[in-house]
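*Asks:* next input, structure requested:
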Amino acid sequence: MEIKDMRAFYAIVEEGNISHAAQRLDIAQPALSRQMKRLETQLGVQLFERGSRRIRLTDAGRVLYSRVEHILGMVDGTVREITEIGSGVAGCIRLGTITTSGAMLLPELITEFHRRYPQVTFQLWEGEGTRILELLDNRVIEIGITRTQVDARVYESIVLPNEPLVLIMNKAHDIGSDAQKVRLAELKDQPLIIPLRWQSMFTANCRKLGFEPNILCVSDSIVQDLLLAKMGMGMAILPISSKTLLTDGDLTYKKLVDPEITTHTVVAWLKNRTLSQSASHLIALFREMFLA
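*Replies:* Residues are numbered from 1 along each chain as shown. Next comes the predicted model:
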């Protein structure tokens, strides 16, 4: 397989149809279709399911997609590493982040970084923790932000301080007698909205207190969680740093106690990879802003 075939195949899968991929690659749609037919002939397998308006991959196509993402990440990452070494603080930083940590950290971080290094641009990927590490392994991104513990043999990392989980709710549905905190036992029978990564831990703590939590919605979208809480559909369990997003006067928060449940954010990058100068400066800024 040639790199151009890999890029064409990858673009088709990412865009979801051939016409959009052809526009992205700046080639004619019939030419792209013929290129994929030749690739299938060379490999002796069918990569796409025919007859669907949106591209659907066969089993062989899904295997190829995972390999191509890794190969293109290695190729593009290697080229960037070589060309950016010693070239000064410029270029593009590729970051991957989970939703909650990205919403809390990146706006302030990128604003300050742009003030210091206005020539640097950013590309951001968002996903759950394992997906972010997969993008990091495949060199699609340089830096990953997750709440997943990382293997110290594979990654360098910065672990930000622990932060407690809080209960965010509509003021009209305020619960608990204390104005600043709410005991976990007081959440019995209350409709709850919780990110997937904390569901098991949260449920286990509730069961220790003798009740099954009433989880209305499991959602990793912090925006959706806050909107549902605002509408009075339920109470959202989120990190305390989420309070910075409470610009709506209808919402309030209380710290969860008895027991307190904490989480932390990990900023990770590959040990065996030479980071661009821009990425190295961004990591230094992480330390300055969030660990100083």
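*Asks:* quick one: what helix or strand has Cys217 in it?
*Replies:* Assessed by DSSP states H and E, Cys217 sits inside strand 214-218.
*Asks:* quick check: mean pLDDT across the next helix or strand after that strand?
*Replies:* Sequence-wise, the next helix or strand beyond strand 214-218 is helix 222-230, with elements assigned using DSSP H and E. Averaging pLDDT along helix 222-230 gives 87.
*Asks:* what does helix 222-230 rub up against?
*Replies:* Here helix 222-230 makes contact (Cβ atoms under 8 Å, 6 or more residues apart in numbering) with 99-100, 103, 168-170, 193, 195, 216-217, 219, 234-236, 238, 242, 245-246, 248, 250-251. The way it works is simple: take the backbone N, C-alpha and C, and place the C-beta from them, glycine included.
*Asks:* elements contacting the worst-scoring helix or strand of the chain on mean pLDDT?
*Replies:* The weakest-scoring helix or strand in the chain, judged by mean pLDDT, DSSP states H and E, is helix 59-84 (a mean of 81). The contact analysis (3 or more Cβ pairs under 8 Å, 6 or more residues apart in numbering; DSSP states H and E) places helix 59-84 against helix 3-15.
*Asks:* low-confidence stretches in the chain?
*Replies:* 51-53, 80-90, 247-248, 292 (pLDDT under 70).
*Asks:* going by residue numbers, what spans are strands in it?
*Replies:* Taking DSSP state E to define them, one finds strands in the chain at 92-97, 121-126, 143-146, 155-159, 163-170, 181-183, 191-194, 214-218, 235-239, 251-257, 262-263, 266-270.
*Asks:* can you give me how far the strand holding Cys217 is from the chain middle?
*Replies:* 22 Å (Cα atoms, centre = their mean, to the nearest Å).
*Asks:* spatially nearest residue to Lys171 (excluding sequence neighbours)?
*Replies:* Once flanking residues are discounted, Lys171 sits nearest to Thr252: 5.0 Å by Cβ to Cβ, 6 or more residues apart in numbering.
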